[in-house]
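Asks: Pasting the sequence and the predicted coordinates here, then a few questions.
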Amino acid sequence: MVRTTRFKLSKNGAVGIMLPLIGLALLLLVSCKPEIEEEETALPYDLRIGLFRNIYDLGDRAETDSLLYYLEHEEPYARFASLLRLASIKDSSQPVISAIGERLHDPHMEAASMAAWAMGQTGAQAGVSPLINAFRAHDTLGRYNQLNSRILEAVGKCGDENALEMLATITTYRPSDTLLLLGQSRGLFNLALRGMTLREGTDVMVNYATRNQFPDNVRLVAANYLARAPGIDLTDYAYILTRQLEQEKDPKIRMALALAVSKVGSARAREILARVAENDPDYRVRANAIRSLDALGVGELTGIGMRLVEDDHPQVSQLAGQMLVRHISTDMATDIHSMADNDALPIRTRALLYAAGLKNMPFYFTVTAGSINETLRRLFQGEEDPFVKSVWAEAMSYDPVNHQQLIGWFDSEEDPFLRVSLLRHLENTLRLSREKPAVNFNRATVANRIANTYRLALESAEIGPVSQVCNLLLQDIDFFSNHFRDRELFLNLLEQLEESREVGTYNTVIRTYNALFEEQKELKKPEWNNPINWELYDRLPDTARVLIRLSTGDVRLELPKEEHPGTVVNLIEQVLEGYYDGKHIHRVVPNFVIQGGCPVGDGFGSLEHSIRSELPPIHFDGAGYLGMASAGPHTESVQWFITHSPAMHLDGNYTRFGRVYEGMEAVHQADVGTIIERIELLNE
């Protein structure tokens, strides 16, 4: 029996895909498209071969025209290699779209499948028609499943609402059609990340996520769609989602469902989330359940929050503290400082409890607030660790009365991490000064003083402070536009940064300038400046292994070099030089990532070189993946991150070049300030 893709009828009886381009293409495809015999492979893909090494170097230099030339090469894997590099470059010009479109019909299936991935990476609407035309509908043996799966996924990156309707109304895939289901679900997930959802698509994803007969990898994508798709209403699925959350055995799916249930909003959902937050054996599921309770923001959250701050895992305790900052009752806010004095709690949790009191107690409790502020000043001044000092300073930022103290600390502190953190804490103070009753402070004075501090930070031209301030301005540009009307301030700053290799910071200033003023400036493209060290590449085994010695324990990772040669070699070069020894983890987002490797320590630094993004068709669909931090395409340098859990919204945009095979507990226990004692190469 020939299996074809069918689509539901719309209410008026017409085919649900109402765009002539895709509808006609599919009709022609089903009736006329011949199957193409797969081409024999002569030369295997191997970067030790000069042909493929040359193609890699062309991609490294972003020489797109030369890569297009290799799309016509007689060797199938030369075409494959060129498409692989184009997928990382993401050139969406018409010549590139046309050339990739032709390769969708390549007789070599790996080349055709890579063409589908590369087309999706362009994000170009013009890529939809070639993708649909290349879909192999008459595939009785499933030999084109990989290609068809990639096409469906790519349509989600390039398509519009019509493509959404197409994907959402596919109803013929069976649970055994793993690749086709995966392509459909990833396509719908990609569309959701771009802000496009449809009720029929949500129906499909609820069905996949909550029925155990579907493959786990498909269910994982579907559950993450439900968790991340903006604006979807899951009220009608309340029973099935809450039941699945309680019964689900896979913690990766369970943690996504814990987030999805926040979109249900029923009293039963809140009860189940509370039970999950207190009792689930996986801290990551508990963490996401707290996030959902926090997002719901209704019901009695003080009691459960007070219990959860005592959770054994510091990340869960921290999220419970953040929930109390937003939702603690007024009467408890006046007494919570007694709990915050408990030295047995994690420092970050204690600081959040102090913050909850300062933010939520009535304005006339001036003596109590003054006592908390004095305690926090004493803790800050008695601490030497800049990471801990930042925690106490953040708690103080919840009382606008403290703005001058925070400004004074910024002016006098030399530690880069603490200086950047204080700028961020001042934004919190500014926001609260606009929300709280202005009894003990003057709103205009607070705003002017903080804006002046931000102006001085910009004038310093220091990469970290400049990046932090520009990011803060962009978050509230309407407010700050009244305080930053001096065009020359930004023009002088851009002139000072012109020769810097910190393209990410330069472009952040450009975006801020464009948001503030009518004149628009173009973003700078990263220049190629760091050719791959092929000699080191040849010395490394196919899978390099490294040991990261954190102060929380040892982490062992494997790095397949052929998938991401430039990134793997770059990391190993730094490892062999001892670059990472003594650096810190400067960023931790609970149940998302830990990040480290900044040369400055504030999270905005890099070395004098950058490397290209390397974006093959692999996904952040699990915990323990090693990725490169970036400030935009091709700005990677030395900062890396490790995931706590699936992070599929990063797919196709961040280089994933390694995997933890031992030591995830050390990753889960790492906090801001955790020391990277040393990184060692285990095999060469």
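Replies: Arrived safely.
Asks: show me what contacts the closest residue to Ile532 other than its chain neighbours?
Replies: When the adjacent residues along the chain are set aside, Ile532 lies closest to Gly566, with 4.8 Å between them (C-beta to C-beta, 6 or more residues apart in numbering). C-beta: built from backbone N, CA, C; applies to glycine. Contacts for Gly566 (C-beta atoms under 8 Å, 6 or more residues apart in numbering) come out as Tyr56, Asp60, Ile532, Ile611, Arg612, Glu614.
Asks: And for Arg219?
Replies: Contacts of Arg219 (C-beta under 8 Å, 6+ apart): Tyr208, Ala209, Arg211, Asn212, Asp250, Ile253.
Asks: do the same with Ala154
Replies: Counting by C-beta under 8 Å, 6+ apart, the residues that Ala154 touches are Ala116, Trp117, Met119, Gly120, Gly127, Leu131, Gly187.
Asks: show me the contacts for the nearest residue to Ala124 once chain neighbours are set aside.
Replies: With C-beta to C-beta, 6+ apart as the criterion, Ala124 has its nearest non-adjacent residue at 4.1 Å, and that residue is Ser92. Going by C-beta under 8 Å, 6+ apart, Ser92 touches Thr122, Gly123, Ala124, Ala126.
Asks: which element is the residue lying closest to the second one once chain neighbours are set aside on?
Replies: Translated: Gly123. Spatial nearest neighbour of Gly123, excluding adjacent residues (C-beta to C-beta, 6+ apart): Lys157 at 5.4 Å. Take DSSP states H and E as the rule and Lys157 turns out to sit in helix 145-158.
Asks: Report the buried residues of the next helix or strand after that helix.
Replies: Using DSSP H and E, the helix or strand that follows helix 145-158 in sequence is helix 161-168. In terms of neighbour count (16 or more other C-beta atoms under 10 Å), helix 161-168 has its buried residues at Asn162, Ala163, Leu164, Glu165, Met166, Leu167, Ala168.
Asks: How about stretch 105-120?
Replies: Within stretch 105-120, the residues that qualify as buried by neighbour count (16+ other C-beta under 10 Å) are 105-106, 108-120.
Asks: Ok, stretch 544-553 next?
Replies: Neighbour counts over stretch 544-553 (16+ other C-beta under 10 Å) mark Ala544, Arg545, Val546, Leu547, Ile548, Arg549, Leu550, Thr552, Gly553 as buried.
Asks: Export those as a markdown table, with columns for distance to Tyr625 and secondary structure.
Replies: Listed next are the buried residues of stretch 544-553 as a markdown table, based on distance: C-beta to C-beta, whole Å; DSSP: H, G, I helix; E, B strand; the rest coil:
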| residue | distance to Tyr625 | secondary structure |
| --- | --- | --- |
| Ala544 | 16 | strand |
| Arg545 | 15 | strand |
| Val546 | 14 | strand |
| Leu547 | 17 | strand |
| Ile548 | 14 | strand |
| Arg549 | 20 | strand |
| Leu550 | 17 | strand |
| Thr552 | 18 | coil |
| Gly553 | 18 | strand |
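Asks: before we move on, back to that, quick one: which of the contacts of Ala154 sit in strands?
Replies: Per DSSP state E, strands hold no members of those.
Asks: if we can go back for a sec, how many degrees apart are the helix holding Lys157 and helix 161-168 in direction?
Replies: Here helix 145-158 runs at 140 degrees with respect to helix 161-168, directions being taken by axes from the mean of the first three to the mean of the last three C-alpha atoms, to 10 degrees.
Asks: Convert the C-alpha atoms of helix 145-158 to PDB, please.
Replies: Extracted in PDB, the C-alpha atoms of helix 145-158 (Å, rounded to 0.1, in the frame of the first residue of the first chain):
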ATOM      1  CA  ASN A 145      12.000   9.200   5.600                       C
ATOM      2  CA  GLN A 146      15.100  11.000   6.700                       C
ATOM      3  CA  LEU A 147      14.700  13.500   3.800                       C
ATOM      4  CA  ASN A 148      11.000  14.000   4.400                       C
ATOM      5  CA  SER A 149      11.600  14.500   8.100                       C
ATOM      6  CA  ARG A 150      14.100  17.200   7.500                       C
ATOM      7  CA  ILE A 151      11.800  18.900   5.000                       C
ATOM      8  CA  LEU A 152       9.000  19.000   7.600                       C
ATOM      9  CA  GLU A 153      11.300  20.400  10.200                       C
ATOM     10  CA  ALA A 154      12.700  23.000   7.700                       C
ATOM     11  CA  VAL A 155       9.200  24.100   6.700                       C
ATOM     12  CA  GLY A 156       8.800  25.100  10.400                       C
ATOM     13  CA  LYS A 157      11.800  27.400  10.100                       C
ATOM     14  CA  CYS A 158      10.800  29.000   6.800                       C
END
